[in-house]
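**Q** sequence and predicted structure, then a few things I'm wondering about:
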Amino acid sequence: MNDLYHSQRTMRQMRKIAMQRGVVAILDVGSSKIAALVLRFDGSARLDAEGEFGSLAGQSGFRVIGAATTRSRGVRFGEITAMGETERAIRTALQAAQKMAGIRVDHVIACFAGGDPRSYGLDAQVTLEDQVVSEDDVARVLSSCDVPEYGEGREVLHAQPVNFALDHRSGLIDPRGQLGNELSVDMHMLTVDAAAVQHLAYCIKRCDLELAGIASSAYVSGIAALVEDEQELGAACIDLGGGATGVSIFMKKHMIYADSIRMGGDHITSDISLGLSVPMANAERIKTFYGGVHATGMDDREMIEIGGETGDYEHDRRTASVSELIGIMRPRVEEILEEVRARLDAAGFDHLPSQQIVLTGGGSQIPGLDGLAAKILGQQVRLGRPLRVHGLPQAATGPMFSSAVGLALFAAHPQDEWWDFDIPADRYPNRSLKRAVKWFKDNW
Amino acid sequence: MRALIRKKPTASRADPAPSRWAWRVQRMMLTPGIRFALRAGVPFCITLLAGTLYLSDEGRRGAIEQAVIEARASIETRPEFMVNLMAIDGAKDELATYIRDVLPVDFPISSFDLDLDAMRATVTAVPAVKSAAIRIRPGGVLQIDVEQREAAVLWRTQDGLALIDAQGFYVAAATSRFARPDLPLIAGEEADAHVGEALELIQAAAPLGDRLRGLVRMGERRWDVVLDRDQRILLPEIEPLRALERVIALEGAQDILTRDVARIDMRLARRPTVQMTPEAAEERTAQQTAFRANNQ
């Protein structure tokens, strides 16, 4: 556990330094594109002088001064599979973003979709020493959580206290200063494949940058795409990415579950490529121009040139009807959504008071997807676009940028995590000064 | 089927990613410090270097200096700045001539070359000048306004006669007493430091008319009034004026000074003393002797 504390704390330290410097880069390493944003923090707090949210839901503390995207290379299923390629792609995106911002960035906060995230619910209970809950008590209850065996080769990405309870009074957000006898906590822990994190960290280090934070893409796209009441009442955010589909469930403004399905838009493209026997680039183009999930009579008659570059005229001039294309796409989309349904069922999503489902990510732009999703996932489905933030170029406001925007929000206002609290005194090594002080305090 | 037109082998599209070094260089160029150095530091250094190189040649420096001097001279010698004559106001002819001698100015001269402060110091250093104001009047006139010292008394010293003003400042030398018969005469060491007192005494001695020869400062502390017939009035240090007025009153009442008196000593206010001339003393002795003889 100390290892985890150490690396995550180092990243938090980096984030603090970056905040002081005022410039930080946001990097969304996706399977189909890599998006980089450069944020400038102007120091205005989330709450203004009157204690109310300022404009843009209080997100005006930062400003996007540089934005760039590039075609992703070497990333599959949201995981890095070719380090050098990915590193170059990251450099391309960041170079363009830096050039637009006109300033160099030294700190990067990154997110990725893959790594097989797994959610764990943790809880713990401690008896308070004196009646008042202090920060030390919060740290103690957090550290006394019973960490499950999440397996070798996995790493904790998020560990967020989602609920505090004090003597049967549950639902406390901040128990500090309250009176009671027993403090208990529910914590949501997300583990990912350690190798995925390490590869990403290594790529960023190879670019002479410091990693100032790392997040799950499913989580941050939920931050960006879900509006406040959805986050409060309970909602699921489905981020239909290129290589992976992220699922995150929010409740009381905390993420309580996250998962990732290793299927996405790239699979639809490859289905089209396979079904129509066209190159991937053509398939991608056909998908974005003519794609859909509901075929109508009109679509039977509408023929599209599917092209090819074999040099054989007959082969290169083939046409297909839109309904053929839809017939190829729909099963794959259904498969993805059914997989999502399975994950949501496994997470117990139908027990939440509100069952809003928000589709975002590049894949959510398929026409008619919301109708199909409503059939599979439930009636409350909407398409989500990311929150508007200061200075974001128009080109980067689409749903495929929801995880980049969410990561920017996350960078500006990170959720309290396990490692943000001090290590309780009794976990320190022997002969620690703090422990001595505590002993004195306890005995006199 | 081979293509008839030879095409360049379609190499895979150029990698858009910057190389590691290109990336590093770009980041370096975006560093604020380096940007500032390039924007301000490099032009500054280049300018400095070019200037230094250009000026390191003696000939070029000389040429620049020469050009500056010439430009300056051409401005200075414009007729607007030339001074053609000197006008001295408030000084009599001799003094004016003297001041002209003292100030060696060759007209016409540029007003830039005139050091008015130094000239004023020179003019003020002339003893007969109380104060002077020098300015350049429009029209190229060097205007010197002089306030002269007015000689108030003649001062006889061992070195000769000197004219001094009412404040005791030296004005000029005098050739003889008769050059300025209108001025009273004083003598004695440090007499010039008490001219004011002397003038008061002389004014008070006006009833004596032309019998007054002058005042002598005795022992650097008190005055003697010298009259003709070798008569002297010895005045005290303190309140000499009152003592003199007493003597004049005695003269008015008893004609004390017209008698055969050598000196009247007023130094002790309670006991004025009269010294007779030897002849008068002898005569008095003779008279007394005769008186006694007659009575016996």
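**A** Happy to help now that I have it.
**Q** for residue 240, what are its contacts?
**A** Went with chain A since none was named. Applying C-beta atoms under 8 Å, 6 or more residues apart in numbering or on different chains, we find residue A:240 in contact with A:264, A:265, A:336, A:359, A:360, A:361, A:362, A:363, A:364. For the C-beta atoms, the positions are set from N, CA and C on the backbone; glycine is no exception.
**Q** to clarify, I was referring to chain B.
**A** Residues near residue B:240 by C-beta under 8 Å, 6+ apart: B:197, B:201, B:222, B:223.
**Q** in what helix or strand does the first one lie?
**A** Right, residue B:197. Secondary structure here is read from DSSP states H and E; on that basis residue B:197 sits in helix B:195-204.
**Q** likewise the last one?
**A** Residue B:223 belongs to strand B:222-227 when assigned by DSSP H and E.
**Q** now stretch A:100-113, how far from the centre of its chain.
**A** For stretch A:100-113, the separation from the chain centroid amounts to 16 Å (computed by C-alpha atoms, centre = their mean, to the nearest Å).
**Q** mind saving the C-alpha coords of that stretch as CSV?
**A** Output of stretch A:100-113 as CSV, limited to C-alpha atoms (Å, rounded to 0.1, in the frame of the first residue of the first chain):
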residue,chain,number,x,y,z
MET,A,100,-1.0,26.9,-30.5
ALA,A,101,-0.6,27.8,-26.8
GLY,A,102,2.8,29.5,-27.4
ILE,A,103,4.2,28.1,-24.2
ARG,A,104,5.9,24.9,-23.3
VAL,A,105,4.2,22.5,-21.0
ASP,A,106,6.1,20.3,-18.5
HIS,A,107,3.3,18.5,-16.8
VAL,A,108,0.8,16.2,-18.3
ILE,A,109,-2.4,14.7,-16.9
ALA,A,110,-3.3,11.7,-18.9
CYS,A,111,-6.3,9.3,-19.3
PHE,A,112,-6.7,6.0,-21.1
ALA,A,113,-9.7,3.7,-21.6
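**Q** pretty sure residue B:273 contacts residue B:264?
**A** Yes: with contact defined as C-beta atoms under 8 Å, residue B:273 and residue B:264 form a contacting pair (7.4 Å).
**Q** who has more neighbours, the two?
**A** Relative neighbour count places residue B:264 above the other of residue B:273 and residue B:264, with 23 against 11, counting by other C-beta atoms under 10 Å in any protein chain shown.
**Q** neighbours of residue A:41, how many?
**A** 17.
**Q** tell me the contacts of it?
**A** Going by C-beta under 8 Å, 6+ apart, residue A:41 touches A:19, A:22, A:23, A:24, A:61, A:62, A:412.
**Q** ok, now with 10 Å
**A** For residue A:41, the residues meeting the contact criterion (C-beta atoms under 10 Å, 6 or more residues apart in numbering or on different chains) are A:18, A:19, A:20, A:21, A:22, A:23, A:24, A:61, A:62, A:63, A:411, A:412.
**Q** could you do residue B:249 as well?
**A** Under the criterion of C-beta under 10 Å, 6+ apart, the contact partners of residue B:249 comprise B:207, B:256.
**Q** just want the angle from the helix or strand harbouring it to helix B:195-204.
**A** For residue B:249, the enclosing helix or strand under DSSP H and E is helix B:240-254. If you take axes from the mean of the first three to the mean of the last three C-alpha atoms, to 10 degrees, helix B:240-254 sits at 10 degrees to helix B:195-204.
**Q** centre of the chain to helix B:240-254, how far?
**A** Distance, centroid of helix B:240-254 to centroid of chain: 41 Å (C-alpha atoms, centre = their mean).
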